[in-house]
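In: sequence and computational prediction follow.
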Amino acid sequence: MVRPFRKKTFTVDVRKSIVRGHELGAHPKILATQFGCSSSQIYRILKNNRVDDGVVHRQSPGRPRTTSRALDRNILRACRKDPRRTSKDIQVSVTSPNEPVPSRRTIRRRLQVAGLHGLVSLGTARTR
């Protein structure tokens, strides 16, 4: 059986207790068994503690989302109300002056995450 590769994330309090345990003289391998992780993670936490002058909580990398949770709910509500609406119609109906206008592609992504990706048309009119 193959275990999936996933790093264990620690809260700030746990990281502080790891640093405190190391300052009291506990070996990193003992700390690793105590906290249920690898010794390389303990070494990394201790190294970052020396570099950053203390344990800090860093923000996740990446671009911030353009839509809020409330706007995401409004997008889903508009799609469920009328499943045949285009993404452009949903864009017009959910925008407010206080928030940035989400792109049509963003609206389709939010619906796809919610499992409604087949319900919204692209908004391209095909003439035959």
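Out: Nice, thanks for sending it over. Bear in mind that the values here come from a model prediction, so they are computed numbers and not experimental data. Numbers count the residues shown, from 1 in each chain.
In: now the helix or strand of the chain with the lowest mean pLDDT: buried residues?
Out: Lowest mean confidence among the helices and strands of the chain (mean pLDDT, DSSP states H and E): helix 39-52, at a mean of 83. Buried residues in helix 39-52, counted by 16 or more other Cβ atoms under 10 Å: 41, 42, 45, 46, 49. Where you see a C-beta, it was placed from the backbone N, CA and C, and this is true even at glycine.
In: can you check stretch 103-114 too?
Out: 104, 106, 107, 108, 109, 110, 111.
In: would you mind writing the CA trace of it as CSV?
Out: Backbone C-alpha positions of stretch 103-114 (Å, rounded to 0.1, in the frame of the first residue of the first chain) are rendered in CSV as follows:
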residue,chain,number,x,y,z
SER,A,103,-15.2,37.3,-15.2
ARG,A,104,-17.4,34.9,-17.1
ARG,A,105,-14.7,32.3,-16.8
THR,A,106,-14.6,32.7,-13.0
ILE,A,107,-18.3,32.2,-12.8
ARG,A,108,-18.0,29.0,-14.8
ARG,A,109,-15.2,27.8,-12.5
ARG,A,110,-17.3,28.5,-9.4
LEU,A,111,-20.2,26.5,-10.9
GLN,A,112,-17.9,23.7,-11.9
VAL,A,113,-16.6,23.4,-8.3
ALA,A,114,-20.1,23.2,-7.1
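In: any idea of the mean pLDDT in it?
Out: Averaging pLDDT along stretch 103-114 gives 92.
In: walk me through the domains of the chain.
Out: Annotated domains of the chain cover 12-52, 69-113 [automatic domain parsing].
In: nearest to residue 63, of these?
Out: domain 69-113 (11.9 Å; Cβ to Cβ).
In: packing partners for the helix or strand containing residue 72?
Out: In this assignment (DSSP states H and E), residue 72 forms part of helix 69-81. Here helix 69-81 touches helix 87-94, helix 104-113, going by 3 or more Cβ pairs under 8 Å, 6 or more residues apart in numbering; DSSP states H and E.
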